[in-house]
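S.K.: have a look; sequence and predicted model below, questions after that.
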Amino acid sequence: MKEYVLLMISAALVNNVILARFLGLCSFMGVTTRIDTAVGMGMATTFVITVSSMADWAVEAALLQPYGLGYLRTVTFILIIAAAVQFTEMIVRKVSPPLFQMLGIYLPLITTNCAVLGVALLLVEGRMNFIGATLFAFASSIGYSLVMVIFAGLRERLALADTPRLFAGPPIGFIVASLLALAFMGFSGMSTS
Amino acid sequence: MDEPLHSTTDFSAPAMVEGFAHVVAVEGAMAWLEPEQSSSCSGCASASACGSKGIGTTASRLEARRFQLVNDIGLRVGERVVIGIRENALLKASITAYVIPLATLLIAGALAQWAAGSDRVTMVAMLAGLALGLWLARLGAGRLMVRGDLAPRFLRRAGAGETCSLE
């Protein structure tokens, strides 16, 4: 039990997908102008990363490893992620058409989010069991969503701040992102080893 | 009283998420609207150069997102309007669609791992948990729809060349 808790804290905070591994930076800068879009994107990404990582683990364990097909891993995982996004879109549309109208915009963007593929490849490196891999993927995506929401909140405030003209918009956003990354480096002091 | 404007901004006020839509059909007292193609950056009409929109058939994607509004303000086909949903509606929708299935999936997986300790059993339990969660999400979405929380509202007619404000 303790090892799973540590695994999740490590994946969400210490080795944060965005600020420590530098994955998903496109959506980090692109979707964080408003908190509501950041929350929508974060939740959709959390769902897709968790579901696609489960499928990735199963395919890796049942197909790629036993038959020595490791060289097909990246292509296979990309295919699985695209299928998981389509599956999620289909399910949301089926579960509730109004929800799909509201949230459907975020889903196709996730296919091209490198954080999804990055987490899947990290799972293989980690050689975890199924529940460990799922929890790792879930915690990584929670870390991703957390940073997205924090950064969106900061940018909403920055939009109202009196910023020098040359720094307004993305430049001050990048500076704030670097400060946020420095703050998250503080979590590396939580190592239990 | 002489404080700068930004320090008096009320962040707790209920906000609306705004978007643009075109009227594509009018049927009796109802108008069919199609949301304007938007992108990851909420750039709406100004996002013509955004590369993130090219996935899937755009036309079919927009058609799937058509919705109805009560046409009590005399909307005509081709008009461009600003519509809005309450900010917390998006949060409720996200929680219903994603958090409920994920929660049941993880709880089912944790229970199966604790009881059986086998990867296969955990996998099957998680799939069952996901199915249960999707069924619960469907119930939750139905309740939200009955309460009208998911319905977009007409805010105003869009001015010529009006786009979302991007900071």
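M.R.: Right, received. Where do you want to start?
S.K.: when you work out contacts or count neighbours from here on, use the C-alpha atoms and nothing else.
M.R.: Will do.
S.K.: for chain B, what's the longest strand?
M.R.: Longest strand in chain B, counting residues (DSSP state E): strand B:16-27.
S.K.: could you give me the buried positions within the helix or strand hosting B:Arg120?
M.R.: Taking DSSP states H and E as the criterion, B:Arg120 maps to helix B:119-147. Using 16 or more other CA atoms under 10 Å in any protein chain shown as the test for burial, helix B:119-147 gives B:119, B:122-123, B:125-130, B:132-134, B:136-138, B:140-142, B:144-145.
S.K.: following that helix, which helix or strand comes up?
M.R.: Next element after helix B:119-147 (DSSP H and E): strand B:153-157.
S.K.: all helices for chain A, in order.
M.R.: Assigned helices in chain A, in chain order: A:2-9, A:25-30, A:35-59, A:73-95, A:97-103, A:107-111, A:114-126, A:130-160, A:170-185 (criterion: DSSP state H).
S.K.: can you redo those as TSV with mean neighbour count, distance to chain B and mean pLDDT?
M.R.: TSV is the format used below for these (neighbours: other CA atoms under 10 Å in any protein chain shown; distance: least, CA to the nearest CA, whole Å; pLDDT from 0 to 100):
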stretch	mean neighbour count	distance to chain B	mean pLDDT
helix A:2-9	15	11	87
helix A:25-30	19	5	84
helix A:35-59	25	6	89
helix A:73-95	18	5	87
helix A:97-103	22	5	69
helix A:107-111	22	6	76
helix A:114-126	19	13	89
helix A:130-160	23	6	92
helix A:170-185	15	9	90
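S.K.: just send the ones you listed back as CSV, with distance to B:Arg76 too.
M.R.: Listed next are those as CSV, based on distance: least, CA to CA, whole Å:
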stretch, distance to B:Arg76
helix A:2-9, 53
helix A:25-30, 34
helix A:35-59, 30
helix A:73-95, 28
helix A:97-103, 22
helix A:107-111, 31
helix A:114-126, 43
helix A:130-160, 35
helix A:170-185, 39
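S.K.: quick check: which of these is nearest to B:Leu75?
M.R.: helix A:97-103 (20.9 Å; CA to CA).
S.K.: packing partners for the helix holding B:Arg120?
M.R.: helix A:73-95, helix A:130-160, helix B:100-115 (3 or more CA pairs under 8 Å, 6 or more residues apart in numbering or on different chains; DSSP states H and E).
S.K.: could the ones you listed be laid out in a markdown table, adding distance to A:Arg21?
M.R.: Output for these, formatted as a markdown table (distance: least, CA to CA, whole Å):
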| stretch | distance to A:Arg21 |
| --- | --- |
| helix A:73-95 | 18 |
| helix A:130-160 | 11 |
| helix B:100-115 | 24 |
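S.K.: nearest to A:Val39, of the ones you listed?
M.R.: That would be helix A:130-160 among these, by CA to CA, at 6.2 Å.
S.K.: show me what the closest one is packed against.
M.R.: By 3+ CA pairs under 8 Å, 6+ apart, helix A:130-160 packs against helix A:2-9, helix A:35-59, helix A:114-126, helix A:170-185, helix B:100-115, helix B:119-147.
S.K.: how far does that helix sit from its chain's centre?
M.R.: 7 Å (CA atoms, centre = their mean, to the nearest Å).
S.K.: just want the angle from that helix to helix A:35-59.
M.R.: Angle of helix A:130-160 versus helix A:35-59, following axes from the mean of the first three to the mean of the last three CA atoms, to 10 degrees, is 160 degrees.
S.K.: alright, that wraps it up for me.
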